[in-house]
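K.L.:
pasting the sequence and the predicted coordinates here, then a few questions.
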Amino acid sequence: MEKAMYSKEKVRIIVHLDVDAFYVAAERELRKDWKGRPLAVSQYNPYGSLDEVGINDPARILYDGEKGNIRVQQQGRNVNGSLIAVSYEARAKNIQRNDRGLVAIQKCPNDLVIVQVPVSNGKANLTMYRDASQRLFSRLLAHMHQAVEELSVDIIGGRNGTETNNIHISVEKASIDEVYFDLSKPIEQLCECLCKNEENWILLMDRLMRNNGELKAKTTIGGLESEKDMATNRLSKNEIRKGSHLQTLDSSSSSSADVAEQLWWRRGEGYSINDSGWTVQELSLAVGAWITLQARQALTDEFDGVYTLAAGISTNKTMAKLASGLKKPNRQTLVNPADKHTLQKLFHPLPIGRLRGLGGKFGDQVSKILGVQTVGELAQIPLRTMQQTFDEDKALWLSEMAQGHCCDPVKDRTKSKRIGAGKTFQGHLSIRGYDSLRKWIGNLALEVFGRVVAEETRYPKTLTCWLHLQNVSDERENEKGGRNTNDGHAASLSTSIPQNITQSQCTNLALKLANQIIDRVTNKKNEAFSIIGMEVSASNFVEKDETQGTILNAFRKQMSRQSTDFLVLDKTHEPLKKKPATGTSSYLSSVTTKAQCSVACTDTGSQKKIPEVSTVHRAKRSHSAVMASTTVIGAPVDKIDVDMKYAQRLQELFDKEHQALQSIPKTKRRKMESQQLISSFLTKSSG
Ligand code: DCP
């Protein structure tokens with residue numbers, strides 16, 4: 001008998017997954033016999049030999065307790081480097097991130113393995129970890145799809161089957177070892193279908209409770225934990241970062257499971273969702289937990305147990321991330337922000353630094369200004385008080401966050417937002433001369449360039465250089481902007497880059513930015529400088545599209561198509577008298593207004609106020625004005641001599657203008673009218 005039992009309530013189900021001790025796991029993928037042993041990955045020794053150390057080079061193994069060999073200073077490598085990743089077996093022996101190798105060996109002399117990151121170009125080579133990350137996340141998505149499919153086919157079969165395999169699951173890579181999934185759509189469809197009749201409902205409940213209650217045993221319900229389990233909730237962000245012995249490999253707790261059994265899971269006995277004790281949100285979260293468990297287990301099995309993941313299942317990104325960090329490693333936590341008990345027992349006692357966006361300086365500031373330590377105390381502060389202290393957006397965000405709300409979407413992105421290569425130069429290694437600066441900027445730019453050209457489908461529009469300078473007086477720092485650190489001044493500058501940038505252009509631009517930073521910080525007085533950290537990065541990625549990247553490319557593409565509906569930029573600079581034929585106008589906006597958009601929006605840093613799209617529309621609307629100023633004429637290709645030289649010149653001017661804009665301070669650029677920037681460009685281009 002079909003009943004309309006399911007109310008179509010919109011529910012978001014967001015999952016955050018974090019690979020446990022990621023670099024350690026990637027090392028174990030290479031050396032399966034290290035599974036189960038205390039293992040740590042150490043930074044390379046910047047004071048020793050900077051010779052190439054490949055992934056499979058045995059010299060990477062600095063210490064193996066079973067063999068008792070310590071390679072102190074062997075071949076210039078140093079076992080006493082700082083540890084950047086520590087396995088949970090090593091954490092149980094009190095070894096923590098940032099411990100020195102020799103300290104770690106003292107804590108666990110007989111069993112520990114310390115392996116050093118690979119080195120190339122005089123710096124850490126993280127390729128093996130990046131590749132592992134890419135591989136893992138694409139498999140994880142496949143397993144998520146498979147789990148959704150299994151629920152739909154296994155339970156609903158051919159009867160009320162839904163085409164779940166066509167359902168899109170949004171996935172956002174958050175860092176090298178963290179990822180968000182938005183399971184809202186597949187779960188909405190599944191739940192709607194599964195709850196349509198009693199038979200499906202019983203099958204679903206059976207499925208969730210099957211395998212001796214595996215899902216119950218392997219999922220912590222946030223707020224229904226034992227006192228012992230709650231101890232990890234009280235750890236500060238810093239303690240979590242370093243890794244704590246309270247995070248144990250066996251984090252299941254029977255007392256927690258008993259409470260959760262009584263209060264959460266034992267509700268599936270009614271014949272339908274309407275006469276069981278479940279709300280639609282709770283049921284959706286339980287289904288999300290089931291899908292997540294299947295996907296995590298499948299991934300771990302596929303890689304022979306090398307990779308395990310912690311997961312958080314909730315209704316938004318903030319709560320999902322918080323949840324995944326509660327019970328590490330290899331465990332998942334479900335947090336229902338709609339449950340008052342969860343808010344009181346779990347959420348409110350947390351230190352505010354555990355919330356996404358409040359773990360750093362801003363969190364410290366909030367804590368100090370508002371006099372709050374915990375999320376519960378923050379939740380007591382009226383919005384009006386927050387508005388008196390912080391700007392409107394921040395105050396609203398804080399107030400929402402304190403209630404466990406966040407509407408930040410899972411952005412469909414499986415690649416990193418930026419490609420960066422950086423290096424620190426501590427102590428006597430600091431960079432003090434232009435030759436050395438040139439060499440290192442060259443190395444970093446080379447690495448960034450290599451990784452950018454390997455990208456098949458996207459290219460960056462922005463190149464950034466970041467420098468950390470030492471011995472800069474406080475007075476000067478304050479004048480010049482940037483960020484004061486405990487031991488110096490960190491600042492960055494960015495510039496736009498063309499789609500088909502060459503290696504030497506990339507290096508030159510990075511060097512130019514570095515010089516500009518030094519000039520600003522040292523007041524152009526040719527004063528001595530000392531750099532202790534630098535990074536070159538490419539960001540602001542867009543999909544590759546030959547027609548949209550550059551003026552020149554658009555010309556080439558159009559020519560190769562032998563179009564009869566063609567536009568060229570003409571030396572006469574005559575305004576266009578009549579509107580071009582259909583097709584031409586979109587070409588126009590992709591070429592000319594794209595250029596203007598880049599100048600007006602990207603470089604003014606005003607994306608927020610004038611999004612690219614709206615500028616395109618504006619440009620389209622004021623058709624004649626735009627074309628007059630860009631001196632475009634339209635005509636069939638056979639009647640016009642296509643002037644590639646002119647296109648080239650325009651492109652060069654355009655690129656030059658981009659770079660010139662970078663020398664204008666950002667605050668000033670923001671104030672400049674986009675129209676002013678466009679006309680400046682156009683005046684030069686018509687010269
Ligand atoms: N990493 C690094 N330097 C740091 C912090 C991290 O090189 N200062 C690298 C090593 C880590 C990886 O990034 O393995 C992921 O960092 P996480 O903070 O997620 O830590 P882990 O994955 O090692 O451990 P956990 O299980 O606590 O997440």
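P.N.:
Nice, thanks for sending it over.
K.L.:
contacts only, for the residue of the stretch 51-200 of the chain found nearest the ligand.
P.N.:
Nearest to the ligand, among the residues of the stretch 51-200 of the chain, is A85, at 3.4 Å (Cβ to the nearest ligand atom). (Glycine included, C-beta is placed from N, CA and C.) By Cβ atoms under 8 Å, 6 or more residues apart in numbering, the contact list for A85 reads 21-24, 40-41, 97.
K.L.:
before we move on, what about K67?
P.N.:
Applying Cβ under 8 Å, 6+ apart, no residues contact K67.
K.L.:
helix, strand or coil for it?
P.N.:
Classification of K67 by DSSP: H, G, I helix; E, B strand; the rest coil places it in coil.
K.L.:
what pLDDT is listed against it?
P.N.:
Listed pLDDT for K67 reads 82.
K.L.:
output stretch 308-323 as PDB, nothing but the C-alphas.
P.N.:
Presented in PDB, the C-alpha positions along stretch 308-323 are these (Å, rounded to 0.1, in the frame of the first residue of the first chain):
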ATOM      1  CA  THR A 308      42.100   5.500   6.900                       C
ATOM      2  CA  LEU A 309      39.900   8.500   7.200                       C
ATOM      3  CA  ALA A 310      38.100  10.400   9.900                       C
ATOM      4  CA  ALA A 311      34.700  11.800   8.800                       C
ATOM      5  CA  GLY A 312      32.100  14.200  10.000                       C
ATOM      6  CA  ILE A 313      28.500  14.100   8.900                       C
ATOM      7  CA  SER A 314      26.300  17.100   9.500                       C
ATOM      8  CA  THR A 315      24.100  19.600   7.800                       C
ATOM      9  CA  ASN A 316      26.700  22.200   6.900                       C
ATOM     10  CA  LYS A 317      30.400  22.600   6.300                       C
ATOM     11  CA  THR A 318      31.400  24.100   9.600                       C
ATOM     12  CA  MET A 319      29.700  21.400  11.600                       C
ATOM     13  CA  ALA A 320      30.900  18.600   9.400                       C
ATOM     14  CA  LYS A 321      34.500  19.700   9.700                       C
ATOM     15  CA  LEU A 322      34.100  20.100  13.400                       C
ATOM     16  CA  ALA A 323      32.600  16.600  13.600                       C
END
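K.L.:
filter the contacts of A85 by proximity to the ligand?
P.N.:
For the ligand, the contacts drawn from those by Cβ under 6 Å from any ligand atom are 21-23.
K.L.:
redo the contacts of A85 as TSV? Include pLDDT.
P.N.:
Below are the contacts of A85 laid out as TSV (pLDDT from 0 to 100):
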residue	pLDDT
A21	97
F22	98
Y23	98
V24	98
A40	97
V41	97
R97	94
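K.L.:
what's the most distant pair in those residues?
P.N.:
F22 and A40 (12.7 Å; Cβ to Cβ).
K.L.:
looking at these two, which is more packed in?
P.N.:
A40 (31 against 21; other Cβ atoms under 10 Å).
K.L.:
and the stretch 251-400 of the chain, which of its residues are near the ligand?
P.N.:
So far as Cβ under 6 Å from any ligand atom goes, the stretch 251-400 of the chain lies against the ligand at 328-329.
K.L.:
the same query, at a cut-off of 8 Å, please.
P.N.:
310, 328-329 (Cβ under 8 Å from any ligand atom).
K.L.:
among the residues you listed, which are in strands?
P.N.:
A310 (DSSP state E).
K.L.:
and the residues of the stretch 251-400 of the chain next to the ligand, which is the shakiest by pLDDT?
P.N.:
Lowest pLDDT within these is found at K328 (88).
K.L.:
let me see the ranges of the helices in the stretch 151-300 of the chain.
P.N.:
184-194, 198-218, 227-230, 237-242, 254-260, 280-302 (DSSP state H, counting those that start in this stretch).
K.L.:
can you give me the buried ones in the second one?
P.N.:
Buried positions in helix 198-218, judged by neighbour count with 16 or more other Cβ atoms under 10 Å: 198, 200-205, 207-209, 215-216, 218.
K.L.:
the ligand: which of the residues you listed is nearest?
P.N.:
Checking the buried residues of helix 198-218 one by one against the ligand (Cβ to the nearest ligand atom), the nearest turns out to be K218, at 17.3 Å.
K.L.:
how about the contacts made by the nearest residue to that closest one once chain neighbours are set aside?
P.N.:
Closest residue in space to K218, ignoring its immediate chain neighbours: L293 at 5.8 Å, by Cβ to Cβ, 6 or more residues apart in numbering. For L293, the contacting residues are 214-215, 218-219, 332, by Cβ under 8 Å, 6+ apart.
K.L.:
residue ranges with poor pLDDT in the stretch 451-600 of the chain?
P.N.:
471-487, 524-527, 545-600 (pLDDT under 70).
K.L.:
residue contacts, the nearest residue to S82 once chain neighbours are set aside?
P.N.:
Nearest residue to S82, sequence neighbours excluded (Cβ to Cβ, 6+ apart): Q43, at 5.0 Å. Counting by Cβ under 8 Å, 6+ apart, Q43 makes contact with 81-84, 116-117, 124.
K.L.:
quick one on the thing from earlier: any idea how far the residue nearest to K218 is from K512?
P.N.:
52 Å (Cβ to Cβ, to the nearest Å).
K.L.:
what's the burial count for P58?
P.N.:
6.
K.L.:
rewinding a little: in terms of mean pLDDT, which of the helices of the stretch 151-300 of the chain ranks lowest?
P.N.:
helix 254-260 (a mean of 58).
K.L.:
number of nearby residues for L309?
P.N.:
For L309, using other Cβ under 10 Å, the count is 28.
K.L.:
I'd like to know how far it sits from Q344.
P.N.:
Distance from L309 to Q344, by Cβ to Cβ: 29 Å.
K.L.:
could you list the residues of this protein in contact with the ligand?
P.N.:
18-26, 41, 43, 84-86, 88, 97-98, 117, 124, 126, 129, 175-178, 240-241, 243, 247, 310, 328-329.
K.L.:
now with 6 Å?
P.N.:
18-23, 84-85, 176-177, 243, 328-329.
K.L.:
give me the buried entries from the residues you listed.
P.N.:
Among the residues of the chain next to the ligand, those classed as buried by 16+ other Cβ under 10 Å are 18-23, 85, 176-177, 243, 328-329.
K.L.:
what's the domain layout of this protein?
P.N.:
14-18+131-351, 20-123, 359-408, 419-635, 643-686 (automatic domain parsing).
K.L.:
coming back round to it: out of the buried ones among the residues of the chain next to the ligand, list just those in strands.
P.N.:
18-19, 85.
K.L.:
buried residues, the helix or strand hosting L513. List them.
P.N.:
Using DSSP states H and E, L513 sits within helix 503-521. Neighbour counts over helix 503-521 (16+ other Cβ under 10 Å) mark 505-507, 509-518, 520-521 as buried.
K.L.:
and which of these is nearest to the ligand?
P.N.:
Using Cβ to the nearest ligand atom, those come closest to the ligand at A510, 22.7 Å.
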